[in-house]
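Q: this is a predicted model, with the sequence first.
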Amino acid sequence: MDITSLFKASVKTVRLKSSANTFPVLEKSRILSKKPNNEFSEKAKKIRFQITQLKNLLVENRAAYMQFAYHLKSSAQMTDEERDVIDRESENIIRICTNMLNDFKTECRTAKRSKQMTEFMDLVIDALSAYMSAVHHIANEQK
């Protein structure tokens, strides 16, 4: 027996009856409020997004770059200049992401945090570093 709608109606009734407005105004579909994003997660997401963009660029252009189907006229072809541009830009993005990751690591190590939070941050940084190395490996394979 699903009583979700009954529960939501009860919560709404309690909110309406509360004259002190002790409950924050939430989205209609949410019962619990969202946690505010902190600076650490925002920076980690930004770095991950940049690495993912590079990976997507490399994977999308891989067939044309490697000339897998060069004998087919319908396959996409890439000139040497275009390959050089992709190589140059991917190395540039890898360098930028590596610098961002190193700066991020330095910031996290200098901040005073609990042992558990420091351990969590180190694990996130290690995961981002592993992801960066995997994408760097894809770029090197493609050359």
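A: Sure thing, it's come through.

Q: give me the helices and strands touching the host helix or strand of Asn56, please.
A: Assigned by DSSP states H and E, Asn56 falls within helix 39-60. Counting contacts by 3 or more Cβ pairs under 8 Å, 6 or more residues apart in numbering; DSSP states H and E, helix 39-60 packs against helix 80-110, helix 115-142. The way it works is simple: take the backbone N, C-alpha and C, and place the C-beta from them, glycine included.

Q: now do the last one: distance to the chain's middle.
A: Taking the mean C-alpha point of helix 115-142 and that of its whole chain, the gap between them comes to 12 Å (Cα atoms, centre = their mean, to the nearest Å).

Q: same deal with the longest one?
A: In this view, helix 80-110 has its centroid 15 Å away from the chain centroid, taken as Cα atoms, centre = their mean.

Q: other SSEs contacting it?
A: Helix 80-110 sits against helix 39-60, helix 115-142, with contacts defined as 3+ Cβ pairs under 8 Å, 6+ apart.

Q: I'd like the mean pLDDT over it, please.
A: When pLDDT is averaged along helix 80-110, the result is 89.

Q: with just CA atoms, put the host helix or strand of Tyr65 into PDB.
A: Taking DSSP H and E as the definition, Tyr65 sits inside helix 62-66. Only the C-alpha atoms of helix 62-66 are listed here, as PDB (Å, rounded to 0.1, in the frame of the first residue of the first chain):
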ATOM      1  CA  ARG A  62      39.100   8.900 -32.900                       C
ATOM      2  CA  ALA A  63      37.900   7.100 -36.100                       C
ATOM      3  CA  ALA A  64      38.800  10.100 -38.300                       C
ATOM      4  CA  TYR A  65      42.100  10.700 -36.500                       C
ATOM      5  CA  MET A  66      43.200   7.100 -36.800                       C
END
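
Q: how about that helix: buried residues?
A: By 16 or more other Cβ atoms under 10 Å, the buried positions in helix 62-66 come out as Ala64, Tyr65.

Q: one more: stretch 80-93?
A: Within stretch 80-93, the residues scored as buried using 16+ other Cβ under 10 Å are Arg83, Ile86, Ser90, Ile93.

Q: check which helices and strands the helix-or-strand element of the chain with minimal mean pLDDT is in contact with.
A: When each helix and strand of the chain is scored by mean pLDDT, DSSP states H and E, helix 62-66 comes last, with a mean of 76. Applying 3+ Cβ pairs under 8 Å, 6+ apart, one finds that helix 62-66 makes contact with helix 115-142.
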